[in-house]
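1. Next comes the sequence, and after it the predicted model I'd like to discuss.
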Protein chains: 2
Amino acid sequence: MILISEVGPRDGLQSISNIMPLEAKKAWIAAEAAAGVTEIEVGSFVPAKLLPQLADTAEVVAFARTIPGLTVAVLVPNFKGAEAAIAAGAHKITIPLSTSETHSLKNVRRTHAQMIEESRLIAELIKAQPIDRRPKFEGGLSTAFGCTLEGVVPPERVVALAEALMKAGCDEVGLSDTTGYANPTQVKDLVKRVRAAVGEDALSGLHLHNTRGLGLANVMAGLEVGITTFDSSLGGLGGCPFAPGASGNIVTEDLVFMLEAMGLPTGIDLPRLLDVRRILKAALPNDALYGFTPDAGLPLGFQPASSMTGVRQ
Amino acid sequence: MILISEVGPRDGLQSISNIMPLEAKKAWIAAEAAAGVTEIEVGSFVPAKLLPQLADTAEVVAFARTIPGLTVAVLVPNFKGAEAAIAAGAHKITIPLSTSETHSLKNVRRTHAQMIEESRLIAELIKAQPIDRRPKFEGGLSTAFGCTLEGVVPPERVVALAEALMKAGCDEVGLSDTTGYANPTQVKDLVKRVRAAVGEDALSGLHLHNTRGLGLANVMAGLEVGITTFDSSLGGLGGCPFAPGASGNIVTEDLVFMLEAMGLPTGIDLPRLLDVRRILKAALPNDALYGFTPDAGLPLGFQPASSMTGVRQ
């Protein structure tokens, strides 16, 4: 079973200027969960003046928590964000740590050492919660495959930061190709190196972008070295290659099609998933949606790996 | 060294209604060869009334033959086409055999048995030529990963047809994902099966489409089972997913970027290759060009596997 972690409500929406109404977000999350998606990153606890698109994250978390079986994930840039995430009841929180220090300073105005310390404080905060209120805590190693400011990021540095995050108290780390620089050989190499340092269980997920068209080839590489969780965004929302700052997430529909075609069940009902695009189109009529499979349709005689009984409900 | 076989002047141009002028075709082929591409499928010997876009194939072959080191490939649907190709001096000819007999009957009005016999006659014709005028002869197994008319194509049938083509006198066979149905698991499986039947040397190439976004993931799969030749089209010309009959070839620029980034030299100078798009844009201003890498640009600090000395001239 491969876990698809839908990040569109966070990474997709933060990359477009239009603000999706709360009701549309709820409808989107509910429909994707109904299609069999079991983990959704629903928002980010950042100041509303920085990302007004995600200002309603607490309300979104409250709603998403009512969906049985859904892991409700959020992004937090710092301790304050983690406090808000815990108060809202998120099941999983991720703190991004840019492996390019130049990027980290520009993005969150913090050095690596400061971000590791912030992570340690968040881990302590989580441990201080009642056991049934403790979210899973992930350190997201961003720009791990290269940086638009620094260029090459040495893998040794990524490994060292992964170790530091685990030592600070993260439950796991993830590798993010924030810039779309990764290639399949590099994905295999870096996954192996990080796993050798922190253990297999501490690295299960990849957050890949399709900026240069290699997104699914990089997924293939990840699969071959044992990765079981992939982030993606429905309709590749926010991923226009012509828009500066675009996320370029891999498209959930194409990812699920590939995995199901390969015989790797995701538990997701593909026709129902494709149908969720209608909610996005209606709520964001001026933002482009991407994806090859939605345009081409499913192959004649297509047999998905997930039987209907494999789908969650 | 991975061989990129550019098929845009044939597969790309036959998929659009606008006709590229002969001079533009020459400029395109010359520029791509100058960028380091060593094999180009420059046209198809089919009746001009069926494909007026390729009516000047004999002239294009004559020109392309003047480029030192370039393998000039063409497609031929039948014996008559092969005669014309040999007369023109093509270095390599490919006869497509649709593994879906329904598709074969619809496309060229011939059964499998008739196409095998046609291939046998072409092989005899080639053997009757002076030794320095004999083109390489490839049997292209199209719809090998599934058919829009028949659905699933059993791999046993693909293997049987590959054996029949080799027995008929082909030098090699290739597998074509005409419909964009292939997935990485299937690519590995079918390559292994066909190679087990006809030998490793008899299957070196894949012709993949990106119809459902899996093109480069399928390349990855091919690489892992030893495939060393990939067809692709500059700018993915003719590949609009909304146009019926569109080819949807994988994009040469993205393919070369992936391979070079992975440390697999292609001998192609990527900036020079990207520059060739200008010729297509000028000659076909109303046809869309595709590709992620051309839009995103090369990563900061990118080191291609091909050193400049690896480039042909």
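-> Arrived safely.
2. tell me the pLDDT at A:Asn249?
-> Confidence at A:Asn249, expressed as pLDDT, is 93.
3. quick one, what contacts it?
-> If you count contacts by C-beta atoms under 8 Å, 6 or more residues apart in numbering or on different chains, A:Asn249 has them with A:7-8, A:11-12, A:208-210, A:231-233, A:236-239. Quick note: C-beta positions are derived from backbone N, CA and C, even for glycine.
4. same question, A:Ala168
-> A:Ile116, A:Glu117, A:Ser119, A:Arg120, A:Ala123, A:Gly139.
5. Among the contacts of A:Asn249, which are located in strands?
-> Taking DSSP state E, the ones among the contacts of A:Asn249 that sit in strands are A:Asp231, A:Ser232.
6. Going by residue numbers, what spans are strands in chain A?
-> Going by DSSP E, chain A shows strands at A:3-6, A:39-44, A:71-75, A:92-98, A:136-142, A:172-176, A:203-207, A:229-232.
7. returning to what we had before: redo the contacts of A:Asn249 as TSV? Include pLDDT.
-> Formatted as TSV, the contacts of A:Asn249 follow (pLDDT from 0 to 100):
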residue	pLDDT
A:Val7	97
A:Gly8	97
A:Asp11	94
A:Gly12	94
A:Leu208	96
A:His209	95
A:Asn210	94
A:Asp231	98
A:Ser232	97
A:Ser233	97
A:Gly236	94
A:Leu237	90
A:Gly238	75
A:Gly239	68
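8. okay if I get the contacts of A:Asn249 as a markdown table plus distance to A:Leu51?
-> Shown next, in a markdown table, are the contacts of A:Asn249 (distance: C-beta to C-beta, whole Å):
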| residue | distance to A:Leu51 |
| --- | --- |
| A:Val7 | 14 |
| A:Gly8 | 15 |
| A:Asp11 | 11 |
| A:Gly12 | 12 |
| A:Leu208 | 22 |
| A:His209 | 19 |
| A:Asn210 | 22 |
| A:Asp231 | 18 |
| A:Ser232 | 20 |
| A:Ser233 | 16 |
| A:Gly236 | 19 |
| A:Leu237 | 15 |
| A:Gly238 | 12 |
| A:Gly239 | 17 |
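9. For A:Asp275, state which of the contacts of A:Asn249 is nearest.
-> A:Gly8 (14.9 Å; C-beta to C-beta).
10. tell me the contacts of the nearest residue to that closest one once chain neighbours are set aside?
-> Residue nearest to A:Gly8 in three dimensions, not counting chain neighbours: A:Ser233, with 3.9 Å by C-beta to C-beta, 6 or more residues apart in numbering or on different chains. Neighbour list for A:Ser233: A:Glu6, A:Val7, A:Gly8, A:Asp11, A:Gly12, A:Gly239, A:Ser247, A:Asn249, A:Ile250, A:Val251, A:Thr252 [criterion: C-beta under 8 Å, 6+ apart].
11. Could you list the contact residues of the stretch 51-200 of chain A toward chain B?
-> A:146-152, A:179-181, A:183-186 (C-beta under 8 Å from any C-beta of the partner chain).
12. rerun that using 10 Å as the cut-off
-> A:145-153, A:179-188 (C-beta under 10 Å from any C-beta of the partner chain).
13. Filter these down to the buried ones and hand me the PyMOL line.
-> Buried subset of those, written as a PyMOL selection, criterion 16 or more other C-beta atoms under 10 Å in any protein chain shown:
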select buried, chain A and resi 145+146+147+148+150+153+179+180+181+182+183+184+185+186+187+188
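14. which ones among the residues of the stretch 51-200 of chain A next to chain B are found in helices?
-> In helices, judged by DSSP state H, the following of those are found: A:Pro184, A:Thr185, A:Gln186, A:Val187, A:Lys188.
15. distance of the nearest residue to A:Leu13 once chain neighbours are set aside from chain B?
-> Nearest in space to A:Leu13, with sequence neighbours left out and distances taken as C-beta to C-beta, 6+ apart, is A:Gln53 at 4.8 Å. Distance, A:Gln53 to chain B, by C-beta to the nearest C-beta, to the nearest Å: 23 Å.
16. Quick one: residues contacting A:Gln53.
-> Taking C-beta atoms under 10 Å, 6 or more residues apart in numbering or on different chains, we find A:Gln53 in contact with A:9-10, A:12-20, A:25, A:43-44, A:238.
17. 8 Å - rerun?
-> Contacts for A:Gln53 (C-beta under 8 Å, 6+ apart) come out as A:Leu13, A:Gln14, A:Ile16, A:Ser17, A:Asn18, A:Ile19, A:Met20.
18. which of these lies closest to chain B?
-> Of all those, A:Ile16 has the smallest distance to chain B: 17.6 Å, by C-beta to the nearest C-beta.
19. Tell me who's in contact with that closest one.
-> Taking C-beta under 8 Å, 6+ apart as the test, what A:Ile16 contacts is A:Gln53, A:Leu237, A:Gly238, A:Leu284, A:Asp287.
20. go with 7 Å
-> Taking C-beta atoms under 7 Å, 6 or more residues apart in numbering or on different chains, we find A:Ile16 in contact with A:Leu237, A:Gly238, A:Asp287.
21. and these, which are buried?
-> The buried subset of these (16+ other C-beta under 10 Å) comprises A:Leu237, A:Gly238, A:Asp287.
22. how much space is there between the first one and chain B?
-> The one in question is A:Leu237. 15 Å.
23. Also the second one?
-> Counting by C-beta to the nearest C-beta, the gap from A:Gly238 to chain B is 15 Å.
24. Kindly report the same for the last one.
-> According to C-beta to the nearest C-beta, A:Asp287 stands 18 Å off from chain B.
25. Without its sequence neighbours, what residue ends up closest to the closest residue to chain B within the stretch 201-313 of chain A?
-> The stretch 201-313 of chain A approaches chain B most closely through A:Gly301 (2.9 Å), counting by C-beta to the nearest C-beta. Nearest residue to A:Gly301 in three dimensions, chain neighbours excluded: B:Gly151, at 2.9 Å (C-beta to C-beta, 6+ apart).
26. Bridged to that neighbour, which residues?
-> Taking DSSP bridges as the rule, B:Gly151 bridges to B:Cys147.
27. Report the distance from stretch A:213-230 to the chain centre.
-> 14 Å (C-alpha atoms, centre = their mean, to the nearest Å).
28. Can I get that stretch in PDB, CA atoms only?
-> Extracted in PDB, the C-alpha atoms of stretch A:213-230 (Å, rounded to 0.1, in the frame of the first residue of the first chain):
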ATOM      1  CA  GLY A 213       8.900  17.100 -16.000                       C
ATOM      2  CA  LEU A 214      10.700  14.500 -13.900                       C
ATOM      3  CA  GLY A 215       8.200  14.200 -11.100                       C
ATOM      4  CA  LEU A 216       6.900  10.700 -11.800                       C
ATOM      5  CA  ALA A 217      10.300   9.400 -12.800                       C
ATOM      6  CA  ASN A 218      11.500  10.500  -9.400                       C
ATOM      7  CA  VAL A 219       8.600   8.700  -7.800                       C
ATOM      8  CA  MET A 220       9.700   5.600  -9.600                       C
ATOM      9  CA  ALA A 221      13.200   6.000  -8.200                       C
ATOM     10  CA  GLY A 222      11.700   6.500  -4.700                       C
ATOM     11  CA  LEU A 223       9.600   3.400  -5.000                       C
ATOM     12  CA  GLU A 224      12.700   1.400  -6.000                       C
ATOM     13  CA  VAL A 225      14.500   2.300  -2.800                       C
ATOM     14  CA  GLY A 226      11.500   1.600  -0.600                       C
ATOM     15  CA  ILE A 227       9.700   5.000  -0.200                       C
ATOM     16  CA  THR A 228       6.000   4.400   0.600                       C
ATOM     17  CA  THR A 229       4.600   8.000   1.000                       C
ATOM     18  CA  PHE A 230       4.400  10.600  -1.700                       C
END
